[in-house]
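Participant: Give me the fold of what follows.
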Amino acid sequence: MSGLLNVVWVVFWGVLVLSVLVFVHEGGHYLAARAFHVRATEFFLGLPCRFKLSRKSAKVGTEFGVTPLLLGGYTRICGMESAEDELLAPALELVMRRGRIRAQEVADSLGIDLDHAYDLLVTLNDWAAIRPYYDSERGESPSQSTYPEAFETVRRDASLLTEYDRGHDFAADGTSDPGLPRETGMSPDEFLAHERRRTYQGVGFLKRCAMLLAGPLVNVLLAFVIVTGAIVVRGVDYVSDVNVIGSVTEGSFADTAGIEAGDVLTIVDGTSVATWTEVVGALDGPLSEGRDFALTYERDGVSHDVIIDLPDGEPTELLGIGATVATYHPTLPEAASATFGYVGQVASAVVQLIQPQHTMEVLDQSSSVVGIAVMTSEAASSGVYELALIVAAISMSLGFMNLLPIPPFDGGKILIELIQLVIRRPLPQRAIVILSYVGMAFILFVFIVVLRNDVVRLVLG
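Facilitator: The predicted structure follows:
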């Protein structure tokens, strides 16, 4: 029974910490999109799943929720996929003019096949410019895995803003309800541009990169705040260079001789000592030679002499005493400076992951979700300080890993954006797919190696 409880404990803390960090990561993407007036229709903790608990915000239109697949999360930002089709404008104009229209009618009106019509309508739906219409009389339902036959207009205010657009006002005159025709007062191309400006692809290069960077940077920032705060509050332990014994190992030579923590060493093997450095230096001779030696210490102001009995002629590594450990509470600037050093170490390790000469070395020191769950549960059992540091370490690693220039990581998407900026045109979809497959293969390789490492550590110790 205790074994089962341990497993539950490990799973609980692993899922909790990873879910919180993924939530923070996706929150960065979401807030950046909202800041740049880009529509975001969904914000979920957990991977996409038909089973979900959610609530639609009346203020921003976004559907917030959670799915059972907690080890993940996503933000659905409108227009992430490139869409360059000259028929998008007339297709959108058809929907706006009719209010509600079947895909087949769009195909007939534009002289295209049904699949092409669906591609156009699905793209416009992805922009939140229109929405699917599920006809219950035809047995259609939002829970079905395919799109319905028809699509319709969305609610818009007098300024043609939707529920996902900042500043919309549905209480004012001129608001139109979903499914009703709506005059735009613009040409089809102008209205398409009006809608595109509120999508990921419709904003500039720098804003797109900022939205991609926001998730990882929030993870790194969270870790930075946690580590800095922990250093300031908890302080930093250091070995005090004094001749006072900080600890005695049970059953050691020192323990057998009656030495206790707090005793002040004054003479070791005939040598007067006043610092811990001198204590270590004086102990080196008799311990390495394996000979008995005299030791003088003070306890409560009274001096005591003892003989340390070592195995004759056998070198001994430890006497069984530890130095006095003191705690230093740094100022906020000092703590922040120390954290910057830690950030640099993590960033360096992540960069080495994609350097072939260092890849296996880094992977041997890394953990999968299994190892992360175990470490998190152990830290939770140790205390708040230890848990905070583990959470910070995971958050920072998650942030920097997502900056690697490997699709589908955020860094990989930024790489694609840079390539498109250089060649001045969208990268062919085939090339993007190939890059994604290569990236997924690398991620799968990393996962298998670190999972194997975790299993070996847990089974063999």
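
Participant: contacts, neighbours, all on C-alpha from now
Facilitator: Fine.

Participant: so where's the stretch 51-200 of the chain uncertain?
Facilitator: Within the stretch 51-200 of the chain, no range satisfies pLDDT under 70.

Participant: Next, the residue nearest to the spatial centre of the chain: secondary structure please.
Facilitator: Computing the C-alpha centroid of the chain and ranking residues by C-alpha atoms, centre = their mean puts L398 first, at 3.9 Å. Three-state assignment for L398 (DSSP: H, G, I helix; E, B strand; the rest coil): helix.

Participant: Got the confidence number for it?
Facilitator: Per-residue confidence for L398 comes out at a pLDDT of 90.

Participant: residues in contact with it?
Facilitator: The contact partners of L398, taken as C-alpha atoms under 8 Å, 6 or more residues apart in numbering, are P216, N219.

Participant: can you check the one 4 residues further on too?
Facilitator: The contact partners of N402, taken as C-alpha under 8 Å, 6+ apart, are P216, F409, D410, G411.

Participant: where does V268 fall, phi/psi-wise?
Facilitator: When read as degrees, to the nearest 10, the backbone of V268 gives phi -130, psi 120.

Participant: Just the ones of the contacts of N402 in helices?
Facilitator: Secondary structure defined by DSSP state H assigns P216, D410, G411 of the contacts of N402 to helices.

Participant: between the residues you listed, which has the most around it?
Facilitator: P216 (29 neighbours; other C-alpha atoms under 10 Å).

Participant: which residues touch that residue?
Facilitator: H25, G28, L398, G399, F400, N402, L403, D410.

Participant: What's the biggest helix in this protein, counting residues?
Facilitator: helix 2-35.

Participant: Tell me the helix or strand right after it.
Facilitator: strand 40-45 (DSSP states H and E).

Participant: So which residues make contact with that following strand?
Facilitator: If you take C-alpha under 8 Å, 6+ apart as the criterion, strand 40-45 is touched by 19, 22-23, 26, 30, 33-34, 61-67, 70, 72-78, 128, 164.

Participant: average pLDDT across it?
Facilitator: 94.

Participant: Break this structure down into its domains, please.
Facilitator: 2-77, 88-198, 207-235+331-460, 238-328 (automatic domain parsing).

Participant: Name the SS class of H304, please.
Facilitator: strand.

Participant: Please read the previous query as pertaining to I245.
Facilitator: I245 is classified as strand under three-state DSSP.

Participant: Am I right that it is in contact with L265?
Facilitator: Yes. Under the criterion of C-alpha atoms under 8 Å, I245 makes contact with L265 at 7.4 Å.

Participant: Please identify which of the two sits among more neighbours.
Facilitator: L265 (24 against 20).

Participant: and stretch 427-444, C-alpha only, in PDB?
Facilitator: This file holds the C-alpha atoms of stretch 427-444, laid out as PDB (Å, rounded to 0.1, in the frame of the first residue of the first chain):
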ATOM      1  CA  LEU A 427       8.600  29.100 -46.800                       C
ATOM      2  CA  PRO A 428       7.000  26.300 -48.800                       C
ATOM      3  CA  GLN A 429       4.800  24.100 -46.700                       C
ATOM      4  CA  ARG A 430       6.700  21.000 -47.800                       C
ATOM      5  CA  ALA A 431       9.900  22.500 -46.300                       C
ATOM      6  CA  ILE A 432       8.200  23.400 -43.100                       C
ATOM      7  CA  VAL A 433       6.900  19.800 -42.800                       C
ATOM      8  CA  ILE A 434      10.400  18.400 -43.400                       C
ATOM      9  CA  LEU A 435      11.900  20.700 -40.800                       C
ATOM     10  CA  SER A 436       9.100  19.600 -38.300                       C
ATOM     11  CA  TYR A 437       9.800  15.900 -39.000                       C
ATOM     12  CA  VAL A 438      13.500  16.400 -38.300                       C
ATOM     13  CA  GLY A 439      12.700  18.300 -35.100                       C
ATOM     14  CA  MET A 440      10.300  15.700 -33.900                       C
ATOM     15  CA  ALA A 441      12.800  12.900 -34.600                       C
ATOM     16  CA  PHE A 442      15.400  14.800 -32.500                       C
ATOM     17  CA  ILE A 443      12.900  15.400 -29.700                       C
ATOM     18  CA  LEU A 444      11.900  11.700 -29.800                       C
END
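
Participant: Tell me which residues are up against it.
Facilitator: I406, P407, P408, I416, I419, Q420.

Participant: Just the buried ones from the residues you listed, in PyMOL syntax?
Facilitator: Restricted to buried positions by 16 or more other C-alpha atoms under 10 Å, the PyMOL selection for the contacts of stretch 427-444 reads:
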select buried, resi 406+407+408+416
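
Participant: Leaving out chain neighbours, which residue sits closest to K52?
Facilitator: Leaving aside its sequence neighbours, K52 sits nearest to T67 (C-alpha to C-alpha, 6 or more residues apart in numbering; 4.5 Å).
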